[in-house]
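> Got a predicted model here, sequence first, then my questions.
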Amino acid sequence: MALLEVEDIVIRFGGVTAVAGVSFAVEDRQICGLIGPNGAGKTTTFNCISGIYRPNSGRIRFAGQDITGEPRHRMTGYGIGRTFQNLALFRSMTVRENVLAGAHASGRSGFIASALALPQVRREAAEAQARASELLALLDLNRVADAPVAALPFGWQKRVEMARALISRPKLLLLDEPAGGLNHGEVDDLAALLGEIRRNFNLAILLVEHHMSLVMRVSDKVVALDFGKKIADGTPEQVRSDPEVIRAYLGGGDDHARAA
Ligand SMILES: Nc1ncnc2c1ncn2[C@@H]1O[C@H](COP(=O)(O)OP(=O)(O)OP(=O)(O)O)[C@@H](O)[C@H]1O
């Protein structure tokens, strides 16, 4: 049984079918790249897995459990963490505070227990602090831990988002365009970091990404979409040389050419 099973999902917006029956699976500890030209349906698929959209039909299973249409606030509890293309950080808070905010989303203590500062709450808070420190070190964010997040360059803010997603110990990390806006050196660092994250946290990663060389370098498998349909699913080598993929990237006018 795969960790994530996406089965024949269809997502429509009014008259537009953004995703037209897509299926694929992500195994435990696998890094899977989701690629495709502009408008292919990547983000919509991603938003469906993370509970932002509900599919019109089809099923999504995570660790054997049907999570189709579950709201996004439940996803952390299931073991799914995510980052956003345009960042969703608390800009005036420090790096450490932002990372800790991810732990609050997954804390088991309820509102009353927290208000009364019961021992379990204090234990959870201490654990979260220790884990935040570990993550800040791993993601090389120690030096800026007490700086407001808004003062950091974009590439560093992306790392903060990743640390925030990781603090809840996800089994699957969804990354929306992690290389977007990064310079060449930062993309190299990101490739190394993704491997390190997988090794350290024993998790699977699904990334939507336009940066083709990054996807091909880090992914164990790649799923390619075009016009809402899956056109290829295999190893980076298989997908890179797939005639449908080559046609989608080279033959689709301005939008497609930009994505290639
Ligand atoms: N909220 C929405 N309302 C209406 N149409 C939408 C909405 N979101 C996406 N679409 C349409 O669905 C299709 C797929 O869009 P989607 O953003 O998933 O593609 P994508 O592969 O992520 O593209 P990009 O790489 O440009 O981000 C496009 O035709 C898009 O215009």
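Great, that's in hand.

> And the helices in the protein?
42-49, 75-78, 95-106, 111-115, 119-138, 154-166, 184-201, 212-218, 236-240, 243-250, 253-259 (DSSP state H).

> Now the ones you listed in TSV, please, with extra columns for mean neighbour count, distance to the ligand and mean pLDDT.
Every residue, glycine included, has its C-beta placed from N, CA and C. Putting these into TSV (neighbours: other CB atoms under 10 Å; distance: least, CB to the nearest ligand atom, whole Å; pLDDT from 0 to 100) gives the following:
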stretch	mean neighbour count	distance to the ligand	mean pLDDT
helix 42-49	23	3	95
helix 75-78	18	18	90
helix 95-106	20	24	80
helix 111-115	11	33	62
helix 119-138	16	28	83
helix 154-166	22	17	89
helix 184-201	15	17	92
helix 212-218	18	12	94
helix 236-240	16	15	95
helix 243-250	15	11	92
helix 253-259	13	6	44
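
> what's around residue 167, how many residues?
23 (other CB atoms under 10 Å).

> can you tell me how far it sits from residue 20?
Residue 167 is 36 Å from residue 20, where distance means CB to CB, to the nearest Å.

> do the same with residue 126
49 Å.

> swap in residue 79?
28 Å.

> Repeat that for residue 50.
In terms of CB to CB, residue 50 sits 20 Å off from residue 20.

> Compare those two (neighbour count), which wins?
For residue 50 and residue 20, the more surrounded residue by other CB under 10 Å is residue 50, and the numbers stand at 21 against 16.

> got the contact list for the more buried one?
72, 75, 80, 82, 174 (CB atoms under 8 Å, 6 or more residues apart in numbering).

> Can you pull the phi/psi pair for it?
Backbone torsions of residue 50, given as degrees, to the nearest 10, read phi -90, psi 10.
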